[in-house]
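Visitor: Only the shape, not the letters, is given here:
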(Lines give C-alpha, C1' and ligand atoms only; values in the text may rest on other atoms or scores of the structure.)
Protein backbone atom coordinates (compact mmCIF):
# COMPACT_ATOMS: atom_id res chain seq x y z
CA UNK A 1 0.00 0.00 0.00
CA UNK A 2 1.18 3.55 -0.76
CA UNK A 3 3.04 5.27 2.09
CA UNK A 4 0.85 8.31 2.76
CA UNK A 5 1.64 10.67 5.62
CA UNK A 6 -1.39 11.05 7.92
CA UNK A 7 -1.54 14.81 7.27
CA UNK A 8 -1.68 14.38 3.46
CA UNK A 9 -4.99 14.60 1.61
CA UNK A 10 -5.35 12.02 -1.16
CA UNK A 11 -8.68 11.78 -2.96
CA UNK A 12 -9.97 8.19 -2.88
CA UNK A 13 -10.38 8.28 -6.66
CA UNK A 14 -6.67 8.97 -7.22
CA UNK A 15 -4.66 5.99 -8.52
CA UNK A 16 -1.37 5.51 -6.71
CA UNK A 17 0.98 2.55 -7.16
CA UNK A 18 1.62 0.46 -4.07
CA UNK A 19 4.98 2.01 -3.20
CA UNK A 20 4.30 5.70 -3.87
CA UNK A 21 5.51 7.91 -1.03
CA UNK A 22 3.38 10.97 -0.17
CA UNK A 23 4.83 13.51 2.26
CA UNK A 24 3.23 15.67 4.95
CA UNK A 25 0.43 18.03 3.93
CA UNK A 26 0.59 17.04 0.26
CA UNK A 27 -2.69 17.19 -1.67
CA UNK A 28 -3.54 14.78 -4.51
CA UNK A 29 -6.71 15.18 -6.55
CA UNK A 30 -9.20 12.64 -7.92
CA UNK A 31 -7.97 12.43 -11.52
CA UNK A 32 -4.31 11.84 -10.69
CA UNK A 33 -2.37 8.67 -11.55
CA UNK A 34 1.08 8.10 -10.02
CA UNK A 35 3.39 5.24 -10.96
CA UNK A 36 5.59 2.98 -8.87
CA UNK A 37 8.57 4.34 -7.02
CA UNK A 38 7.52 7.99 -7.23
CA UNK A 39 7.80 10.25 -4.19
CA UNK A 40 5.73 13.38 -3.55
CA UNK A 41 7.25 15.93 -1.18
CA UNK A 42 5.66 17.82 1.66
CA UNK A 43 3.04 20.43 0.74
CA UNK A 44 3.12 19.51 -2.96
CA UNK A 45 -0.20 19.77 -4.80
CA UNK A 46 -0.94 17.31 -7.63
CA UNK A 47 -4.26 18.00 -9.32
CA UNK A 48 -6.07 17.99 -12.66
CA UNK A 49 -5.97 15.14 -15.17
CA UNK A 50 -2.37 14.34 -14.40
CA UNK A 51 -0.53 11.10 -15.14
CA UNK A 52 2.90 10.66 -13.56
CA UNK A 53 5.13 7.69 -14.38
CA UNK A 54 7.62 5.64 -12.38
CA UNK A 55 10.51 6.69 -10.14
CA UNK A 56 9.92 10.43 -10.20
CA UNK A 57 11.00 12.66 -7.33
CA UNK A 58 8.71 15.63 -6.80
CA UNK A 59 10.02 17.93 -4.09
CA UNK A 60 8.11 20.07 -1.56
CA UNK A 61 5.78 22.90 -2.56
CA UNK A 62 5.45 21.96 -6.23
CA UNK A 63 2.14 22.69 -7.98
CA UNK A 64 1.59 20.01 -10.62
CA UNK A 65 -1.41 19.79 -12.94
CA UNK A 66 -2.96 23.18 -12.29
CA UNK A 67 -5.24 24.71 -14.91
CA UNK A 68 -3.58 26.70 -17.73
CA UNK A 69 -2.71 30.34 -17.21
CA UNK A 70 -4.65 31.11 -20.38
CA UNK A 71 -7.65 33.43 -20.39
CA UNK A 72 -9.26 31.31 -23.13
CA UNK A 73 -9.40 28.29 -20.86
CA UNK A 74 -13.03 27.44 -20.02
CA UNK A 75 -12.77 24.27 -17.96
CA UNK A 76 -12.09 21.81 -20.77
CA UNK A 77 -10.81 18.33 -19.90
CA UNK A 78 -7.12 18.77 -20.67
CA UNK A 79 -4.17 16.99 -19.12
CA UNK A 80 -0.56 16.74 -18.03
CA UNK A 81 1.66 13.71 -18.65
CA UNK A 82 5.01 13.19 -16.93
CA UNK A 83 7.27 10.26 -17.82
CA UNK A 84 9.71 8.27 -15.67
CA UNK A 85 12.76 9.11 -13.63
CA UNK A 86 12.32 12.88 -13.48
CA UNK A 87 13.56 15.10 -10.67
CA UNK A 88 11.32 18.15 -10.08
CA UNK A 89 12.67 20.40 -7.37
CA UNK A 90 10.98 22.82 -4.99
CA UNK A 91 8.29 25.31 -6.07
CA UNK A 92 8.01 24.17 -9.69
CA UNK A 93 4.70 24.71 -11.50
CA UNK A 94 3.54 22.51 -14.40
CA UNK A 95 0.15 23.24 -15.98
CA UNK A 96 -2.25 21.16 -18.05
CA UNK A 97 -2.82 21.77 -21.78
CA UNK A 98 -5.50 23.61 -23.73
CA UNK A 99 -7.90 22.65 -26.48
CA UNK A 100 -6.28 25.26 -28.71
CA UNK A 101 -3.34 22.82 -28.97
CA UNK A 102 -3.15 19.06 -28.43
CA UNK A 103 -4.89 19.35 -25.07
CA UNK A 104 -1.93 18.02 -23.08
CA UNK A 105 1.35 19.22 -21.62
CA UNK A 106 4.01 16.51 -21.83
CA UNK A 107 7.26 16.04 -19.94
CA UNK A 108 9.40 13.06 -21.00
CA UNK A 109 11.75 10.99 -18.86
CA UNK A 110 15.01 11.48 -16.95
CA UNK A 111 14.74 15.26 -16.86
CA UNK A 112 16.37 17.40 -14.16
CA UNK A 113 14.10 20.35 -13.37
CA UNK A 114 15.45 22.68 -10.71
CA UNK A 115 13.63 24.98 -8.29
CA UNK A 116 11.09 27.60 -9.38
CA UNK A 117 10.78 26.36 -12.97
CA UNK A 118 7.48 27.05 -14.75
CA UNK A 119 6.25 24.78 -17.55
CA UNK A 120 3.17 26.36 -19.10
CA UNK A 121 0.26 24.79 -20.95
CA UNK A 122 0.90 22.68 -24.05
CA UNK A 123 4.67 22.53 -23.64
CA UNK A 124 6.36 19.40 -24.96
CA UNK A 125 9.62 18.47 -23.23
CA UNK A 126 11.78 15.57 -24.36
CA UNK A 127 14.13 13.37 -22.33
CA UNK A 128 17.38 14.04 -20.43
CA UNK A 129 16.93 17.81 -20.33
CA UNK A 130 18.25 20.12 -17.60
CA UNK A 131 16.34 23.24 -16.59
CA UNK A 132 18.32 25.33 -14.10
CA UNK A 133 16.66 27.40 -11.37
CA UNK A 134 13.99 29.84 -12.47
CA UNK A 135 13.61 28.76 -16.11
CA UNK A 136 10.25 30.01 -17.41
CA UNK A 137 8.55 28.38 -20.41
CA UNK A 138 5.53 30.12 -21.92
CA UNK A 139 2.77 28.14 -23.60
CA UNK A 140 3.32 25.79 -26.55
CA UNK A 141 7.11 25.65 -26.16
CA UNK A 142 8.86 22.50 -27.46
CA UNK A 143 12.19 21.40 -25.98
CA UNK A 144 14.23 18.59 -27.55
CA UNK A 145 16.17 15.81 -25.85
CA UNK A 146 19.35 16.69 -23.92
CA UNK A 147 18.73 20.46 -24.10
CA UNK A 148 20.13 22.52 -21.22
CA UNK A 149 18.51 25.81 -20.20
CA UNK A 150 20.55 28.11 -17.97
CA UNK A 151 19.13 29.72 -14.86
CA UNK A 152 16.41 32.35 -15.37
CA UNK A 153 16.09 31.60 -19.09
CA UNK A 154 12.79 32.95 -20.37
CA UNK A 155 11.23 31.34 -23.44
CA UNK A 156 8.52 33.04 -25.55
CA UNK A 157 5.39 31.10 -26.45
CA UNK A 158 5.57 28.76 -29.47
CA UNK A 159 9.39 28.77 -29.49
CA UNK A 160 11.14 25.48 -30.27
CA UNK A 161 14.47 24.44 -28.75
CA UNK A 162 16.35 21.71 -30.56
CA UNK A 163 18.05 18.64 -29.15
CA UNK A 164 21.44 19.20 -27.45
CA UNK A 165 21.00 22.99 -27.55
CA UNK A 166 22.01 25.16 -24.61
CA UNK A 167 21.16 28.61 -23.26
CA UNK A 168 23.25 30.72 -20.92
CA UNK A 169 21.93 32.13 -17.67
CA UNK A 170 19.41 34.93 -18.08
CA UNK A 171 18.78 34.27 -21.77
CA UNK A 172 15.61 35.68 -23.34
CA UNK A 173 14.65 33.36 -26.18
CA UNK A 174 12.22 34.89 -28.68
CA UNK A 175 12.98 32.69 -31.71
CA UNK A 176 13.72 29.02 -32.31
CA UNK A 177 17.08 27.69 -31.12
CA UNK A 178 18.43 25.04 -33.53
CA UNK A 179 19.77 21.70 -32.31
CA UNK A 180 23.36 21.64 -31.01
CA UNK A 181 23.61 25.47 -30.80
CA UNK A 182 24.57 27.53 -27.73
CA UNK A 183 23.01 30.95 -27.23
CA UNK A 184 23.03 33.68 -24.63
CA UNK A 185 21.76 37.21 -24.06
CA UNK A 186 18.65 39.37 -24.24
CA UNK A 187 17.61 38.91 -26.95
CA UNK A 188 19.49 35.66 -27.49
CA UNK A 189 22.44 35.50 -29.87
CA UNK A 190 24.20 32.31 -31.09
CA UNK A 191 27.66 31.42 -29.80
CA UNK A 192 28.70 28.22 -31.55
CA UNK A 193 28.07 24.51 -31.13
CA UNK A 194 27.62 22.80 -27.76
CA UNK A 195 30.91 20.94 -28.19
CA UNK A 196 31.52 19.93 -24.57
CA UNK A 197 28.00 18.61 -24.17
CA UNK A 198 28.28 16.59 -27.37
CA UNK A 199 31.60 15.07 -26.28
CA UNK A 200 30.05 13.99 -22.99
CA UNK A 201 27.28 12.23 -24.92
CA UNK A 202 29.66 10.31 -27.13
CA UNK A 203 29.69 12.40 -30.31
CA UNK A 204 32.87 11.70 -32.27
CA UNK A 205 35.25 14.10 -33.99
CA UNK A 206 33.63 13.62 -37.40
CA UNK A 207 30.16 14.54 -36.14
CA UNK A 208 31.37 17.53 -34.13
CA UNK A 209 33.50 18.81 -37.01
CA UNK A 210 30.60 18.49 -39.45
CA UNK A 211 28.25 20.31 -37.07
CA UNK A 212 30.77 23.11 -36.67
CA UNK A 213 30.91 23.50 -40.45
CA UNK A 214 27.11 23.49 -40.58
CA UNK A 215 27.04 26.23 -37.93
CA UNK A 216 29.35 28.35 -40.10
CA UNK A 217 27.05 27.78 -43.09
CA UNK A 218 24.09 29.09 -41.08
CA UNK A 219 25.73 31.90 -39.14
CA UNK A 220 29.09 32.94 -40.52
CA UNK A 221 28.96 32.96 -44.32
CA UNK A 222 26.17 35.41 -45.10
CA UNK A 223 23.87 32.76 -46.55
CA UNK A 224 20.10 32.82 -46.69
CA UNK A 225 18.30 30.05 -44.84
CA UNK A 226 17.71 28.20 -48.12
CA UNK A 227 21.38 28.47 -49.05
CA UNK A 228 22.47 27.29 -45.62
CA UNK A 229 20.16 24.28 -45.82
CA UNK A 230 21.60 23.35 -49.21
CA UNK A 231 25.11 23.63 -47.79
CA UNK A 232 24.19 21.37 -44.86
CA UNK A 233 22.84 18.74 -47.26
CA UNK A 234 26.16 18.85 -49.10
CA UNK A 235 28.02 18.39 -45.82
CA UNK A 236 25.86 15.37 -45.00
CA UNK A 237 26.88 13.77 -48.27
CA UNK A 238 30.55 14.32 -47.46
CA UNK A 239 30.30 13.12 -43.83
CA UNK A 240 28.00 10.07 -43.78
CA UNK A 241 28.79 9.38 -40.12
CA UNK A 242 27.25 12.73 -39.20
CA UNK A 243 24.45 12.70 -41.78
CA UNK A 244 21.61 11.97 -39.34
CA UNK A 245 22.61 14.89 -37.09
CA UNK A 246 23.05 17.24 -40.06
CA UNK A 247 19.68 16.28 -41.53
CA UNK A 248 18.03 16.93 -38.14
CA UNK A 249 19.66 20.37 -37.99
CA UNK A 250 18.67 21.22 -41.55
CA UNK A 251 15.06 20.08 -41.03
CA UNK A 252 14.74 22.16 -37.87
CA UNK A 253 16.08 25.31 -39.55
CA UNK A 254 14.00 24.78 -42.68
CA UNK A 255 10.78 24.15 -40.77
CA UNK A 256 11.08 27.06 -38.32
CA UNK A 257 7.98 29.26 -38.51
CA UNK A 258 9.24 31.85 -36.01
CA UNK A 259 12.70 32.07 -37.51
CA UNK A 260 15.86 30.91 -35.77
CA UNK A 261 18.12 32.81 -33.40
CA UNK A 262 20.54 34.72 -35.68
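Guide: That came through fine. These numbers come from a predicted model, not from an experiment.
Visitor: contacts, neighbours, all on C-alpha from now
Guide: Fine.
Visitor: Can you list the low-confidence ranges for the stretch 51-200 of the chain?
Guide: Low-confidence segments of the stretch 51-200 of the chain (pLDDT under 70): none present.
Visitor: surely residue 9 meets residue 27?
Guide: Yes: applying CA atoms under 8 Å as the test, residue 9 and residue 27 come out as touching, 4.8 Å apart.
Visitor: quick one: buried residues of stretch 72-91?
Guide: Going by neighbour count (16 or more other CA atoms under 10 Å), the buried part of stretch 72-91 is 78-91.
Visitor: Point out the ones among the residues you listed that are inside strands.
Guide: Of the positions in these, 79-82, 87-88 sit in strands, assigned by DSSP state E.
Visitor: Show me how the chain divides into domains.
Guide: Domain assignment for the chain by automatic domain parsing gives 3-140, 197-255.
Visitor: Endpoint to endpoint, the first one covers what distance?
Guide: End-to-end distance for domain 3-140: 35 Å, by CA to CA, to the nearest Å.
Visitor: Kindly report the same for the last one.
Guide: Using CA to CA, the end-to-end distance of domain 197-255 comes to 25 Å.
Visitor: Excluding chain neighbours, what is closest to residue 179?
Guide: residue 162 (3.8 Å; CA to CA, 6 or more residues apart in numbering).
Visitor: The one you found and residue 173, how far apart?
Guide: In this view, residue 162 and residue 173 are 13 Å apart by CA to CA.
Visitor: With residue 209 instead?
Guide: Residue 209 sits 26 Å away from residue 173 when distances are taken as CA to CA.
Visitor: one step back: out of the buried residues of stretch 72-91, the closest to residue 213 would be?
Guide: Within the buried residues of stretch 72-91, the smallest distance to residue 213 is 34.4 Å, found for residue 86 (CA to CA).
Visitor: show me the contacts for that closest one.
Guide: Residues counted as contacts of residue 86 (CA atoms under 8 Å, 6 or more residues apart in numbering) are 55-57, 109-113.
Visitor: Using CSV, lay out those together with distance to residue 68 and secondary structure.
Guide: Output for these, formatted as CSV (distance: CA to CA, whole Å; DSSP: H, G, I helix; E, B strand; the rest coil):
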residue, distance to residue 68, secondary structure
55, 26, coil
56, 22, coil
57, 23, strand
109, 22, coil
110, 24, coil
111, 22, coil
112, 22, strand
113, 19, strand
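Visitor: what pLDDT does the residue nearest to residue 219 when sequence neighbours are not counted get?
Guide: Computed as CA to CA, 6+ apart, the closest residue to residue 219 that is not its neighbour in sequence is residue 262, at 6.8 Å. Residue 262 carries a pLDDT value of 92.
Visitor: same question, residue 2
Guide: Per-residue confidence (pLDDT) for residue 2: 82.
Visitor: Would you check that it makes contact with residue 15?
Guide: No: with contact defined as CA under 8 Å, residue 2 and residue 15 do not form a contacting pair (10.0 Å).
Visitor: Having no further points to raise, I will conclude here.
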